[in-house]
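# predicted model and sequence below, questions to follow.
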Amino acid sequence: MDSTAHNFKKNAAGALNDAQLQRALAHVPRGFVKKRADAADALPEFERLRDQGRDIKNHVLEHLDIYLEAFEEKVVEAGGYVHWATTAEEARNLVVRLCLDREAETVTKGKSMISEEIGLNAGLEKVGIEPVETDLGEYIIQLRGETPSHLIAPAVHLNKDQIEADFRRVHTELPEERNLHEPASLVHEAREILRDKYLDADVGITGANFLIAETGTSVIVTNEGNGDLTQILPKTHIVIASIEKVVPTLEDASTFVRLLARSATGQEISNYTTFSTGPKRRGDPDGPNEYHVVLLDNGRSSMLGTEFQDMLRCIRCGACLNHCPVYQAVGGHAYGWVYSGPMGSVLTPNLIGVDEAGHLPNASTFCGRCEEVCPMRIPLPRMMRNWREREFEKHLTPFTIRRGLGVWAWFAQRPKLYQRVTALASRLLKWRAGSKGRMKNVPLADGWVKYRDLPAPQGKTFQQMWKERGNV
Amino acid sequence: MSENATRREEILGRIRSSLKVDPDAMDRLEVVADRLEDHKRNLVPERAVGTSAKNVKQFCQMMEAVNGTVEHVKSPSEIPGAISKYLRNHNLPQVIRRGSDPALDKLPWSKARTLQVSVGVARKDDEVSVSRAFAAVAETGTLVMTSGADNPTSLNFLPENHIVVVESGRVAGSYEDAWDVVRAVYGDGEMPRTVNLISGPSRTGDIEQKIELGAHGPRRLHVIVLNRPAGSK
């Protein structure tokens, strides 16, 4: 997928002025945030489970090579195939080749962020294969030619009237006078349309929430059941997953199951948690004849051993997006690539480079809510700071900011001078503000005062007042 | 070396060099081998630990909380009648599709005279399927379904109405309890092709976060709990 992350500022400004988007985004704090809080409260062990989830992931990352080999061995033992891909392009070509070799015309797809990462739909279309997204949200955005704006709610940026318009535009074989006002009627229509697609598809492609080394199993979590129809009806099931998805045992997967849905949607567990191991067995009347797993690296192995290793614990629940004041204000598309919100701000520069995505770590108020709700306790604010430091070191920060910081640093290293200059500035600002006590114009701060007034200082610095109170 | 093997070595090599580890270090291999072999439990929530009676009660409550419906029968011979009545109450045709599970085979289907029963995988126009659960989990009101001719996986997803029979003795407390049963039946480290954990009928919140049932899978999920101890025939 092409990135517009370098355009974050412009994207964000557009998002803030988009009335439809703002109306849709209002559902995020009202829905996900409250439901997650209720679910966390309802399970007394939730905080301890978070600690354990973090520890399991840390253990896996330290032994990732061995767990991947163990997983591969079990997949092969069960009659499946494992394909390794170092880059997004390799993974895309691998999957396209698998589909071509099976003379596939239609491919159904469960929801997968890796599919977005490797631009799979475009790759399939290029060789004349029709990819059909089956998750309702993904189906809707595919009709619109858009990308998901949220990890688990890809169409969260849309309102139902927009979706109705899309269905009327595309489903032209249905009667025009049909009622599509309610979400229920939209859900029903998508269900009917996709039914035949499931049955006709030659290949089914899903992602994986977890890969289990103990048994060679891939796990998907859905509420709709679309991922299941995708993987049991076609002759071939292809799983695309990144290397950090592996967990040791069924017991470990159970711990993550307890954390994932609660953090994501506030459910105790998603409706369907599905464990798939190999192709169908002798005597099985349904299920795929072939089972393939494509393991994607795409820069992740280079994150190990760095200050960004903790990011590889992420289980893609979306809690950090839901709780982020920046995400709530601009939505997912402004981030310009596959991943958005705080996890995207940390992961995207790792995967596509800080030159392209250096703006993203700046899209943070450092309020810390993302880390508070992250089920894997990923120190997202710390890592965004790490990126800012790297950005500064690589001289990617704009000249004015670098210059300003340089001037400030020069003063800060000379305390006497610093105190005198700040005292003077404080008096000047007070004088300038006059009796109103606030200013509409401040030199060098046009952007800041454009949307609010600056309250004037009281005329003295903190250090002066501290001294006057008799402290030294 | 094949292209796949080259890429595999490249990725594993990069992981090892990033972690600064020796690929032949025995201690790391042993740690992983032990962990996989022991498959120790992590923290299991207190609510998932209880007597069989408590498990059944909690399973039913949790299932109903996620829009499943539950009814209890005391004998297998009541099941065909219960299914027939359920179909009548929901204005559904008296036609069901099921797998070849011996426990379902043995039911006195002829007692429900109007009921037409056929055996096999789900087809496009099947409206109602009947399955037997491998196990259930009280912790979250979850059914555990395993693939195979006895209970084909497509029956869990394709028809709009899914009726599941579960014996009360098969209702476990936690997911971990259920995995122990899977291991006992299929062997350590082995799994059937598909294990489905099912908690309520299909739903979506993809349109304005409003929950709608019956997104792609069943719109209705009805559980018939057969109250008798495990192991009895």
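Arrived safely. Since the structure is predicted, the reported quantities are computational estimates derived from the model, not experimental observations. Residues are numbered from 1 along each chain as shown, chains lettered A, B, ... in the order given.
# and the helix or strand where A:Ile163 lies, what does it pack onto?
Here A:Ile163 sits within helix A:160-170, counting by DSSP states H and E. In terms of contacts (3 or more CB pairs under 8 Å, 6 or more residues apart in numbering or on different chains; DSSP states H and E), helix A:160-170 is packed against helix A:136-144, helix A:183-200. The C-beta positions use only the backbone N, C-alpha and C, and glycine is treated the same way.
# strands along chain A, start to end?
For chain A, the strands defined by DSSP state E occupy A:81-85, A:106-109, A:130-133, A:203-206, A:210-212, A:217-222, A:236-242, A:246-247, A:272-276, A:290-296, A:438-439, A:454-455.
# off-centre distance for the helix holding A:Ile163?
Here the centre of mass of C-alpha atoms in helix A:160-170, compared against the chain's by CA atoms, centre = their mean, to the nearest Å, lies 26 Å away.
# now do the buried residues in it.
A:160, A:162-164, A:166-167 (16 or more other CB atoms under 10 Å in any protein chain shown).
# stretch B:85-94 too?
Of the residues in stretch B:85-94, those buried by neighbour count under the rule 16+ other CB under 10 Å are B:86-87.
# where does chain B have low pLDDT?
Applying pLDDT under 70 to the predicted model, the residue ranges of chain B that meet it are B:229-233.
# the residue positioned nearest the centre of it: what secondary structure?
Within chain B, one residue has its C-alpha closest to the average C-alpha position: by CA atoms, centre = their mean, that is B:Val144, at 2.2 Å. Assigned state for B:Val144: strand (three-state reduction, DSSP: H, G, I helix; E, B strand; the rest coil).
# so it sits right up against B:Ala135, yeah?
Yes. The pair formed by B:Val144 and B:Ala135 meets the contact definition of CB atoms under 8 Å, at 4.2 Å.
# shared neighbours of those two, anything?
Listed contacts common to B:Val144 and B:Ala135 are B:178, B:182; contacts here mean CB atoms under 8 Å, 6 or more residues apart in numbering or on different chains.
# most proximal residue of chain B with respect to chain A?
Of all residues in chain B, B:Gly217 sits closest to chain A, with a separation of 2.6 Å (CB to the nearest CB).
# ok, that residue touching B:Asn156?
Yes. Counting by CB under 8 Å, B:Gly217 touches B:Asn156, with 7.4 Å between them.
# find residues that contact each of those two.
Both B:Gly217 and B:Asn156 are contacted by A:228, B:162, under the criterion CB under 8 Å, 6+ apart.
# on that earlier part again, among the helices and strands packed on helix A:160-170, which is the most enclosed?
Neighbour counts (mean count of other CB atoms under 10 Å in any protein chain shown) averaged over each of these peak at helix A:136-144, with a mean of 22.
# specify the angle between that one and helix A:183-200 in degrees.
If you take axes from the mean of the first three to the mean of the last three CA atoms, to 10 degrees, helix A:136-144 sits at 80 degrees to helix A:183-200.
# chain neighbours aside, what residue packs nearest to residue 207?
Picked chain A for this. Across the structure, with CB to CB, 6 or more residues apart in numbering or on different chains as the measure, the residue nearest A:Gly207 apart from its sequence neighbours is A:Ser112 (3.0 Å).
# looking at chain B here, not the other one
The spatial neighbour of B:Ile207 that comes closest, neighbours along the chain excluded (CB to CB, 6+ apart), is A:Pro183 at 4.1 Å.
# secondary structure class for the residue of chain B closest to chain A?
For B:Gly217, the secondary-structure state derived from three-state DSSP is coil.
# one step back: now distance to B:Glu78 and mean pLDDT too, for the helices and strands packed on helix A:160-170, in a markdown table please.
Compiled in a markdown table, the helices and strands packed on helix A:160-170 are given as follows (distance: least, CB to CB, whole Å; pLDDT from 0 to 100):
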| stretch | distance to B:Glu78 | mean pLDDT |
| --- | --- | --- |
| helix A:136-144 | 38 | 96 |
| helix A:183-200 | 33 | 94 |
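# check contacts around the closest residue to B:Glu139 other than its chain neighbours.
For B:Glu139, the nearest residue in space outside its immediate sequence neighbours is B:Ala48; the separation is 3.9 Å by CB to CB, 6+ apart. Taking CB under 8 Å, 6+ apart as the definition of contact, the neighbours of B:Ala48 are B:137-139, B:173-175, B:177.
# one more time with 7 Å, if that's ok
With contacts defined as CB atoms under 7 Å, 6 or more residues apart in numbering or on different chains, the neighbours of B:Ala48 are B:138-139, B:173-174.
# count of neighbours near residue 58?
Defaulting to chain A. A:Asn58 is flanked by 15 other residues according to other CB atoms under 10 Å in any protein chain shown.
# um, chain B though
Counted with other CB under 10 Å, the neighbours of B:Gln58 add up to 20.
# my guess is A:Val239 meets A:Leu211, correct?
No. Contact between A:Val239 and A:Leu211 fails when scored by CB atoms under 7 Å: they sit 8.2 Å apart.
# quickly list what's touching both of the two.
A:Ser218.
# least confident secondary structure element in chain A?
None of the helices or strands of chain A scores lower by mean pLDDT, DSSP states H and E than helix A:446-449, at a mean of 78.
# give the buried residues for that helix.
Applying a neighbour-count criterion of 16+ other CB under 10 Å, helix A:446-449 contains no buried positions.
# kindly report the same for stretch A:92-111.
Along stretch A:92-111, the positions that meet the burial threshold by neighbour count (16+ other CB under 10 Å) are A:92, A:94-96, A:98-99, A:102, A:104, A:106-111.
# same question, stretch B:112-127
Buried residues in stretch B:112-127, defined by neighbour count with 16+ other CB under 10 Å: B:112, B:115, B:117, B:120-122, B:126.
# go on, stretch A:39-50?
A:39-40, A:43, A:46, A:49-50.
# which among these are in contact with chain B?
Contacts with chain B within those, counted by CB under 7 Å from any CB of the partner chain: A:43, A:49.
# hmm, which two among the buried residues of stretch A:39-50 are most spread apart?
Within those, two members stand farthest from each other by CB to CB: A:Ala39 and A:Arg50, at 12.6 Å.
# so where's the longest helix in chain B?
helix B:3-19 (DSSP state H).
# for B:Arg73, give me its contacts.
Careful, residue B:73 is Val and not Arg. B:79, B:82, B:224, B:226.
# with that, I have no additional questions.
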